[in-house]
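*Asks:* Please work out how this folds:
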Amino acid sequence: MKLPPFVLLLLSAVTLCAASDFFVSEAVMKHVLETEKQLIDALNKHIQEEGVIYHHVKQKHKLEKIKDYLKDYTEANAKATANINDYIENPLNMFLLLRRLSTSWYYLEQEMLSEFSNSYKEKASHLKEHLPSADVTMKLMGAIIKLQRYYGLNATDLAAGVLPGCEATRNEFTALDCFDMGYHAKTRRQHFYAIGWLEEAYRRLEIEEYKTTESVTLLEHIADAYRQMGDNDKAYEYTLKVLEADPDNASAMRNKYIIGREKYKTSRPAFEPEGVDMEQSELCRNPMKKRKNEHLMKCYNYVPEGTWFVLGPAKAEVVSLSPKMILIRGVMFPDTTRKILKHISPVLGMSGYKDIHAADLFVDPAYKIGRTVWFDRHHDLVSNLTERLSQLARLTSDTAEDFRITLFGIGGEILQKMDHAKPGQTIPGTIAAHGNRFATANLFFKNATSGGFLVFPKIGLRVEAEEGSVLFYYNLKNNHIGDNRTEHAICPVIAGKMIVGQMWFHEAGQQLTRSCKI
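*Replies:* Below is the predicted model:
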């Protein structure tokens, strides 16, 4: 089946990798919301033209429910259209928006329009093809649960629109929204997070005026999730609640007998699974604690040799003494940054273009979850930046690699890695002749709204750099053996998008800049 052009556009602009990195461009979101607006207008017109024929009491009641749905959808569409960036950069807002577009419209058609004429369906069939599928929503759910795992976020706060580093969304979840999150986690055997979402769904259901889901279904899933976690006491407690709400529930009666027998043998409280490195998670969650010899770290004006710093020094800050790491601010000028991002945006999918050339993309290794483009360091747009970095590092760029620039969407991250090759590890491609990666320049093009910190777990360092800054450090010790303390990671992006770059200087040609000490 040939996909409509807009669907191809959506697929190219949304990052939906299996590892739960999520990104959608502003251009695509505008088209999606405009499509939904056309769908609303088409249904309103259909009701005005044909609503008079619905004389049956049941049909009149159904018509009123459709009008209520349309009123809610119209208000939600207008709100999202007026604040598109607040939606595409906030995973909670985006979840509610995508769920409505992918699931709620389907429910409206299947449940509410089944007895009506087919004229509306025929008018709107081509429009519905342009709405995102449920798979898109599920990918975002996976990203949200990943954020819970890394940052210790609980379902109660998230359902209330509370997200670290972001203003409250004030778009609260319904019981059904929470149930969908919990069910998604449960089907992927992430039972600890499933329990949090399902219990929050049950709490919200009890106070909802118009019930969005069924209590018995919720209670059954909660009981099963606790049982899967090995907490038979809680599983038994919720099974009794199922029978209290539905005394004839055969499945609950059977489970009452089985769990009741098991809970006397063994039962343990549900606990949060580890799943992530605790040192890294601690740095991602909390600001750094005071470090040893922190009083020796300093800020200073750095004047390297070269024409780029004749008019003024670079502003440098020592962020680590051992291994030595220097953060230099204002290296990339805002105008240069804008031009670079505009040039590479089609490849990164930032503009929603679908003309992506495979030759421009490198296959990302498993440790990195984001979109990458390699940028020729001799290109007119970055040749001056290449020279500036070379002068700052006092290293030759003749044997350096091209710039690697990566876009991280919601949930995007880099798992712990080292830039240099380990002993016996093969250095790929033509760069092998230039030796190991001697030093790294990390470039901060655009920071995430929240999250996305660069962390070095082995030395307890979290770098929160300004846009336009560069972090320098050596990957090799003086004897040219790899320095494993430079192992680093990027924490998952909580909200917004993050764009970072790397330039790696290699050993070849650096003999006079840093002598080898035996």
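
*Asks:* and the nearest residue in space to Ala134 that is not next to it in sequence, how many residues sit next to it?
*Replies:* Closest residue in space to Ala134, ignoring its immediate chain neighbours: Ser102 at 4.7 Å, by C-beta to C-beta, 6 or more residues apart in numbering. Every C-beta, even on glycine, is put in place using the N, C-alpha and C of the backbone. The burial metric for Ser102, expressed as a neighbour count using other C-beta atoms under 10 Å, is 17.

*Asks:* now the one 5 residues further on
*Replies:* One way to gauge burial is a neighbour count; for Tyr107, by other C-beta under 10 Å, it gives 12.

*Asks:* quick one: what helix or strand has it in it?
*Replies:* Taking DSSP states H and E as the criterion, the element that holds Tyr107 is helix 105-107.

*Asks:* and the residue nearest to Ala134, what does it touch?
*Replies:* The contact partners of Ser102, by C-beta atoms under 8 Å, 6 or more residues apart in numbering, come to Leu131, Pro132, Ser133, Ala134, Val136, Thr137.

*Asks:* For Phe438, give me its contacts.
*Replies:* Phe438 makes contact with Leu395, Tyr474, Asn475, Leu476, Trp504, Phe505, His506, Glu507, Gln510, Arg514 under the criterion C-beta under 8 Å, 6+ apart.

*Asks:* Tell me the one of the contacts of Ser102 nearest Leu70?
*Replies:* Taking C-beta to C-beta as the measure, Leu70 lies nearest Leu131 of those, at 15.7 Å.

*Asks:* now that closest one: how far from Pro91?
*Replies:* The gap separating Leu131 from Pro91 is 19 Å, by C-beta to C-beta, to the nearest Å.

*Asks:* Ramachandran angles for Thr406?
*Replies:* The phi and psi values for Thr406, taken as degrees, to the nearest 10, are phi -130, psi 130.

*Asks:* same deal with Lys422?
*Replies:* Per degrees, to the nearest 10, the residue geometry at Lys422, taken as phi and psi, is phi -80, psi 160.

*Asks:* For the residue lying closest to it once chain neighbours are set aside, grab the count of nearby residues.
*Replies:* Taking C-beta to C-beta, 6+ apart, and ignoring the residues beside it in sequence, Lys422 has Gly482 as its nearest neighbour in space, at 6.2 Å. Residues lying near Gly482 (other C-beta under 10 Å) number 19.

*Asks:* Contacts for the helix or strand harbouring Gly142 next, please.
*Replies:* In this assignment (DSSP H and E), Gly142 forms part of helix 134-151. Residues outside helix 134-151 that contact it (C-beta under 8 Å, 6+ apart): 14, 16, 20-22, 91-92, 94-95, 98-99, 102-103, 106, 153-155, 158, 164, 180-181, 184-185, 188, 190, 193, 196, 273, 275-276, 281, 284-285, 410-411, 413, 451, 491-492, 494.

*Asks:* Show me what the next helix or strand after that helix is packed against.
*Replies:* Stepping forward along the backbone from helix 134-151, the first helix or strand reached (DSSP H and E) is helix 155-159. Helices and strands touching helix 155-159, by 3 or more C-beta pairs under 8 Å, 6 or more residues apart in numbering; DSSP states H and E, are helix 134-151, helix 175-187, helix 191-207.

*Asks:* Just the C-alpha atoms of the longest one, please, in PDB.
*Replies:* As requested, C-alpha coordinates have been extracted for helix 134-151 and formatted as PDB (Å, rounded to 0.1, in the frame of the first residue of the first chain):
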ATOM      1  CA  ALA A 134      -1.100   4.300  18.300                       C
ATOM      2  CA  ASP A 135       2.500   3.000  17.800                       C
ATOM      3  CA  VAL A 136       3.700   6.600  18.000                       C
ATOM      4  CA  THR A 137       2.000   7.000  21.400                       C
ATOM      5  CA  MET A 138       3.400   3.800  22.700                       C
ATOM      6  CA  LYS A 139       7.000   4.900  21.800                       C
ATOM      7  CA  LEU A 140       6.400   8.100  23.800                       C
ATOM      8  CA  MET A 141       5.100   6.000  26.800                       C
ATOM      9  CA  GLY A 142       8.300   4.000  26.700                       C
ATOM     10  CA  ALA A 143      10.300   7.300  26.800                       C
ATOM     11  CA  ILE A 144       8.300   8.500  29.800                       C
ATOM     12  CA  ILE A 145       8.800   5.300  31.800                       C
ATOM     13  CA  LYS A 146      12.600   5.500  31.000                       C
ATOM     14  CA  LEU A 147      12.500   9.000  32.600                       C
ATOM     15  CA  GLN A 148      10.900   7.500  35.700                       C
ATOM     16  CA  ARG A 149      13.600   4.900  35.900                       C
ATOM     17  CA  TYR A 150      16.500   7.400  35.600                       C
ATOM     18  CA  TYR A 151      15.100  10.300  37.600                       C
END
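
*Asks:* how close does the residue nearest to Lys422 sit to Pro164?
*Replies:* 34 Å.

*Asks:* Have a look at the protein and report the helix or strand with the lowest mean pLDDT.
*Replies:* Within the chain, no helix or strand scores below helix 5-13, which has a mean of 31 by mean pLDDT, DSSP states H and E.

*Asks:* Neighbour-wise, which one of the contacts of Phe438 leads?
*Replies:* Going through the contacts of Phe438 with other C-beta under 10 Å as the criterion, the one with the most neighbours is Phe505, at 27 neighbours.

*Asks:* Would you agree it falls within a strand?
*Replies:* Yes. Checked against DSSP: H, G, I helix; E, B strand; the rest coil, Phe505 lies within a strand.

*Asks:* these two touch, right, it and Asn436?
*Replies:* No. Assessed by C-beta atoms under 8 Å, Phe505 is found out of contact with Asn436, at 10.3 Å.
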